[in-house]
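I would like the atomic coordinates for the input below:
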Amino acid sequence: MKTVAVVPIKALLQAKSRLSSKLTPAERAELARDMLAHVLDAIERSGVIAGVAVITPRPQEIHLPPGVTTLLQTENGLNSLLEQGRDWATKQGAGALLLAFADLPLLLPADIQGILRLGKPAHSVVLAPDRHDQGTNLMLLHPPTLIPFSFGPNSYDAHRTAALKANAHLEVYRAPGTSLDIDTPDDLARLEQARLAAAG
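Got it, this is the predicted structure:
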C-alpha cells in the first residue's frame, strides 16, 4: 500500500501560544521548528512512507528536507486545511494517508512503522491519541477518504465514532512517542523528564 504523510504547522510566531508564560515568541518559534524537523526525520527514517507534505501558511519560515513537498495553506480551520492534504494524497495515487502533527518530540520511526502495520487491512482507521485520550496526534486512513476529519476538542472520540459509523477496521496505537504533544508548560516538564530518564 502506497502511504503518504501530511504534517500541518502554524506560522511559527503563532505557534505554541499556551507556552507564552515559559518561552519568548522567538523561543516558541525555535521549539516549533525543531519539533517539525524531528517529526519529519522520524517519518523519513521509518522507511514506510512514500511521500511527505507540510501544510503551512508561511512556507518561507521553514526549511524542509529535500523531497518534502510544501503545500501553501489556503483554507482556514484545521479540518478544512487538512482537506488540502487529503486532495494532495489522492493526486499522488496514495492508498493510505498518515496525518501527523508537528509537535511530537519523542516520535520514533518505530511508531510510524507500528501504525502502518495496524492499518494494513483495507478499510482501516488507526488512531494515536494524546496522553489524555482526548486529542488525536496521528491518524492513518486506508483509504485516504475513509472518514471525515473531526480535529478539535475531543477529536479522539469523534474519530472513533466516525470510524465505527463507516464500519471501518479500527485500531488504536499507544506509545510515548505518539502520546506526548507539546502544548502546555506541563507538557514541557514531561518532555524534560523523559529526556532526563533517557539520558540516565
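
endpoints of stretch 12-20, how far apart?
Using CA to CA, to the nearest Å, the end-to-end distance of stretch 12-20 comes out at 13 Å.

what does that stretch rub up against?
9, 23, 25, 28-29, 31-33, 58, 61-62, 103, 182-185, 188 (CB atoms under 8 Å, 6 or more residues apart in numbering). Glycine gets a C-beta too; all of them are placed from N, C-alpha and C.

how about stretch 147-164?
Contacts of stretch 147-164 (CB under 8 Å, 6+ apart): 78-79, 82-83, 86, 99, 125, 127, 129-130, 133-136, 139, 141, 146, 165-166, 168, 170.

looking at the contacts of stretch 12-20, which are in helices?
Among these, the members found in helices (DSSP state H) are 25, 28, 29, 31, 32, 33, 185, 188.

now, the most widely separated pair of these?
Distance extremes for these: the farthest pair is 33 and 185 at 19.4 Å, using CB to CB.

more neighbours: these two, which one.
residue 33 (17 against 14; other CB atoms under 10 Å).

check the more buried one and give its pLDDT.
If you check residue 33, the pLDDT there is 94.

that one contacts residue 62, doesn't it?
Yes: using CB atoms under 8 Å, residue 33 is in contact with residue 62, at 6.6 Å.

quick one, strands of this structure?
Applying DSSP state E to the chain gives strands spanning 3-8, 51-56, 68-72, 96-100, 124-129, 136-142, 169-172.

list the strands paired with the last one, with their directions.
Sheet neighbours of strand 169-172, with direction, are listed as strand 124-129 (parallel) (DSSP bridges).
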